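okay, structure incoming, though there's no sequence with it:
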């Protein structure tokens, strides 16, 4: 038996009662450190609260012909996932693989960055386009398809959440992510709009130290944001959305001071 348990964005504070029962009764409990980031100190806090070992695991443990599948054949295993248990394709593939092998799977949902951000910013949920993932860029890997997807959302009047890749427990830095997005826009054919559109950065959503700011893309580049963070590129926000966004505006760009 495999339990895939979303534990929300606040670590121990957002674990549901039902999920807590499963964590207590499981033979083995693992924490996914590959697809998302937990608040600092959460692993130790959760382990102490349940008085049991919780083992952090990376990509090699949960993808492909993974050890967690074998462990789930004859024991009850719980995999804890920051945010929602099914927001990443990794966990859906894991679920399907287990089921195809006759292993029972239970999924426990929770809040994720994808459903929290629109509410925190005051954006209409139905105006959120498909999210886009920005990977680490190298000299040999420069996928302009990332910007193509953003532009498609923008052309359709949809806002885009840009999720930032992880390495060593940290997101791509916001300043670096913006540099890469602007370079992609230059390289891609078609409409150029990033310098003209409003952009928001949400750092540590629903956690201690949460920081939300909105303004021009260049103003975001010079501000320090802690990990985890995500970028939101707006497309034609209406009056209601703009009034909400204004409460997070970078002071130097406050429209009410103009």
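Perfect, thanks for sending it. Everything numeric here is computed off the predicted structure, so don't read it as measured data.

where's residue 238 relative to residue 43, distance?
Distance from residue 238 to residue 43, counting by C-beta to C-beta, to the nearest Å: 42 Å. (Glycine included, C-beta is placed from N, CA and C.)

so between these two, which is more surrounded?
residue 43 (18 against 11; other C-beta atoms under 10 Å).

quick check: that one vs residue 94, distance?
Distance from residue 43 to residue 94, by C-beta to C-beta: 20 Å.

look up the pLDDT of residue 66 for me, please.
On pLDDT, residue 66 comes in at 88.

can you check the one 10 residues further on too?
pLDDT, the model's per-residue confidence, is 98 for residue 76.

could you do residue 34 as well?
Taking residue 34 on its own, its pLDDT is 89.

again, but for residue 257
Looking at residue 257, its pLDDT is 44.

surely residue 57 is in contact with residue 28?
No. Residue 57 is not in contact with residue 28 according to C-beta atoms under 8 Å; the separation is 10.5 Å.

which strand or helix spans residue 184?
Using DSSP states H and E, the element containing residue 184 is helix 174-187.

which SSE is immediately downstream of that helix?
Following helix 174-187 in sequence, per DSSP H and E, is strand 199-203.

given that next one, what are its sheet partners and their directions?
According to DSSP bridges, strand 199-203 has the following sheet partners: strand 211-215 (antiparallel), strand 229-233 (antiparallel).

what lies in contact with the last one?
This points to strand 229-233. The contact list for strand 229-233 (C-beta atoms under 8 Å, 6 or more residues apart in numbering) reads 113, 117, 121, 123, 150, 153-154, 159-164, 171, 174, 177-178, 181, 194, 197, 199-205, 220.

hmm, residue 218 is touching residue 195, no?
Yes. With contact defined as C-beta under 8 Å, residue 218 and residue 195 form a contacting pair (7.1 Å).

any stretches of this structure with poor pLDDT?
For the chain, applying pLDDT under 70 flags the ranges 252-258.

follow-up on the earlier one: just the buried subset of the contacts of strand 229-233, written out for PyMOL, thanks.
Selecting only the buried entries of the contacts of strand 229-233 in PyMOL, with 16 or more other C-beta atoms under 10 Å as the criterion:
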select buried, resi 113+117+121+123+150+153+154+159+160+161+162+163+164+171+174+177+178+181+194+197+199+200+201+202+203+204+205+220
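
fine by me, we can end here.
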